[in-house]
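Student: need coordinates for the following:
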Amino acid sequence: MFCNVTVMGRVGHKPDRRENGDWGGVTSVRLAVTKLTRGEKVTTWVRVSAFGKLGEYLARTDKGLRVLVSGELYAREYTGKDGTPKQSVEVIAKQVQLVDWPEPDNSRSDRPDDDVPF
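Tutor: Numbers count the residues shown, from 1 in each chain. Okay, the predicted model is just below:
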């Protein structure tokens with residue numbers, strides 16, 4: 001059974017890229033998805049993994065950028081360090097779109113002022 005989801009959120013940390021010769025590597029990030037509920041902000045953290053070329057694309061993002069991810073919801077169970085059973089849910093990305101673009105290294109204040117009215 002597959003469950004397709006689309007999530008838009010902000011990248012919560014620098015992407016973690018691990019190379020794997022067979023798959024071409026995997027990139028993992030956590031997205032902060034914030035919604036307004038009864039006047040207060042509620043943030044949910046969503047794990048996202050992307051493989052191959054899509055993972056390379058996701059690895060170029062940076063903390064704070066908004067990203068739109070579509071993919072399959074994947075749940076797994078594991079045993080925690082304390083021996084208790086745990087569950088984890090993540091999205092295996094099939095599509096990734098940057099909503100915010102990173103700022104170039106040279107900011108507007110470094111550029112000379114122009115008299116162009118636009």
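Student: show me where the chain has its helices.
Tutor: Along the chain, counting by DSSP state H, helices occupy 52-59.
Student: flag the shaky bits of it, pLDDT-wise.
Tutor: The model of the chain has pLDDT under 70 over residues 1, 22-23, 101-118.
Student: make it 50
Tutor: 108-118 (pLDDT under 50).
Student: at which residues are the strands of it located?
Tutor: Using DSSP state E, the strands of the chain run over 4-11, 16-18, 26-37, 40-51, 66-79, 85-98.
Student: surely Val42 touches Lys35?
Tutor: Yes. Applying CB atoms under 8 Å as the test, Val42 and Lys35 come out as touching, 5.7 Å apart. Bear in mind the C-beta positions are built from the backbone N, C-alpha and C, glycine included.
Student: who are the neighbours in contact with Gly80?
Tutor: Gly80 is in contact with Lys86, counting by CB atoms under 8 Å, 6 or more residues apart in numbering.
Student: which phi and psi does it have?
Tutor: phi -70, psi 170 (degrees, to the nearest 10).
Student: and it, how far from Val89?
Tutor: According to CB to CB, to the nearest Å, Gly80 and Val89 sit 15 Å apart.
Student: same thing with Gly39?
Tutor: Distance of Gly39 to Val89, given as CB to CB: 27 Å.
Student: what about those two, which has more around it?
Tutor: It is Val89, of Gly39 and Val89, that has more neighbours when counted by other CB atoms under 10 Å, with 12 against 5.
Student: could you measure from that one over to Thr37?
Tutor: Separation of Val89 from Thr37 (CB to CB) stands at 20 Å.
Student: next: Leu58.
Tutor: Leu58 sits 28 Å away from Thr37, going by CB to CB.
Student: same check, this time on Ala50
Tutor: Distance, Ala50 to Thr37, using CB to CB: 29 Å.
Student: of those two, which one has the most company?
Tutor: Each of Ala50 and Thr37 has its neighbours counted (other CB under 10 Å); Ala50 has more, 26 against 8.
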